[in-house]
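Undergrad: Predicted coordinates and the sequence they were generated for:
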Amino acid sequence: MFEYPDNSIPTTPSNFLALPPGQSDIETSGIVILPVPYDSTTSFRAGSREGPGAIIEASAALEDYDLEMDLDVAGLGIYTAPVLEPHLGSPELNVERVSQAVSCFLAPNKLVGVIGGEHSITAGSVLAHKEVYPDLSVLYLDAHCDLRDDIWELGGGMLPEVVGYMMYVPWSSLVLGVCAKKNGITYGWQAVTMDITR
């Protein structure tokens, strides 16, 4: 990493929360942020691949102290991993790539978060975490849940194996969405447990 001689010229780190080296090193950080700029299965408009960079840039202005927890989250250490190059061959291949990348960072006392632009990156992260944490629970927050059958034909939404995992492991998941729809029933701004959507 380049540094100006004698550090007399101030710079802003280009990582999550703009943390200095002592709070953003992989060896000492308890949290890993993995940026995945992928939007190949979006059904509306491309551009969400710019999301990870925008989130990281905007995070420099975030308050890192949590009043309710009385905790400065930066003190846990947050490592921003190098941007993952998406696999553009197919959504399934990209899910596998995300899963492999997340697996590299999963370790005792490491929390891995993936930031990106669309649902399919979630699938890779869930699959990697499930290998390490078999009793994994998933909290799925979205403006819409993409559980309609036609969403699969459009290539959007999370992959069926992840939705299948979420739907058939009792109480493993909680879905919150503005316009959650399954089997012709629309649920608005409410918790939709997987037993409801079956």
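TA: Looks like it came in fine. Numbers count the residues shown, from 1 in each chain.

Undergrad: The chain: helices as residue ranges?
TA: Counting by DSSP state H, the chain has these helices, from start to end: 21-24, 51-59, 91-105, 120-132, 149-154, 160-168, 194-197.

Undergrad: weakest of those in terms of mean pLDDT?
TA: The stretch with the lowest mean pLDDT among those is helix 194-197, which comes in at a mean of 42.

Undergrad: who touches stretch 52-66?
TA: Outside stretch 52-66, the residues within contact range by Cβ atoms under 8 Å, 6 or more residues apart in numbering are 12, 14-18, 33, 35-37, 71-74, 80, 83, 115-117. (Each C-beta comes from the backbone N, C-alpha and C, glycine too.)

Undergrad: Can you turn the buried part of those residues into a PyMOL selection?
TA: To isolate in PyMOL the members of the contacts of stretch 52-66 that are buried, counting by 16 or more other Cβ atoms under 10 Å, one can use:
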select buried, resi 15+16+17+18+33+35+36+37+73+74+80+115+116+117
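
Undergrad: Show me the protein divided up by domain.
TA: Residue ranges for the structural domains of the chain, counted by automatic domain parsing, are given in the record as 13-136, 138-198.

Undergrad: any idea how far the residue lying closest to residue 83 once chain neighbours are set aside lies from residue 72?
TA: Beyond its immediate neighbours in the sequence, the residue positioned closest to residue 83 (Cβ to Cβ, 6 or more residues apart in numbering) is residue 35, lying 4.7 Å away. When Cβ to Cβ, to the nearest Å is the yardstick, residue 35 and residue 72 sit 23 Å from each other.

Undergrad: Ok, residue 137 next?
TA: Relative to residue 72, and taking Cβ to Cβ, residue 137 is found at 27 Å.

Undergrad: What of residue 83?
TA: Counting by Cβ to Cβ, the gap from residue 83 to residue 72 is 26 Å.

Undergrad: Contact partners for the nearest residue to residue 20 once chain neighbours are set aside?
TA: For residue 20, ignoring the flanking residues on the chain, the nearest one in space by Cβ to Cβ, 6+ apart is residue 13 at 6.4 Å. For residue 13, the contacting residues are 19-21, 24, taking Cβ under 8 Å, 6+ apart as the criterion.

Undergrad: same thing but 7 Å
TA: 19-20, 24 (Cβ atoms under 7 Å, 6 or more residues apart in numbering).

Undergrad: Now list the buried members of those residues.
TA: Once neighbours are counted (16+ other Cβ under 10 Å), the buried part of the contacts of residue 13 comes down to 19, 24.

Undergrad: can I get the contacts of residue 13 in CSV with distance to residue 7?
TA: Conversion of the contacts of residue 13 to CSV gives the following (distance: Cβ to Cβ, whole Å):
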residue, distance to residue 7
19, 16
20, 11
24, 16
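
Undergrad: for the contacts of residue 13, which one is nearest residue 8?
TA: The shortest approach to residue 8 among those belongs to residue 20, at 16.2 Å (Cβ to Cβ).

Undergrad: From residue 5, how far out is the closest one?
TA: Using Cβ to Cβ, one gets 18 Å for the distance from residue 20 to residue 5.
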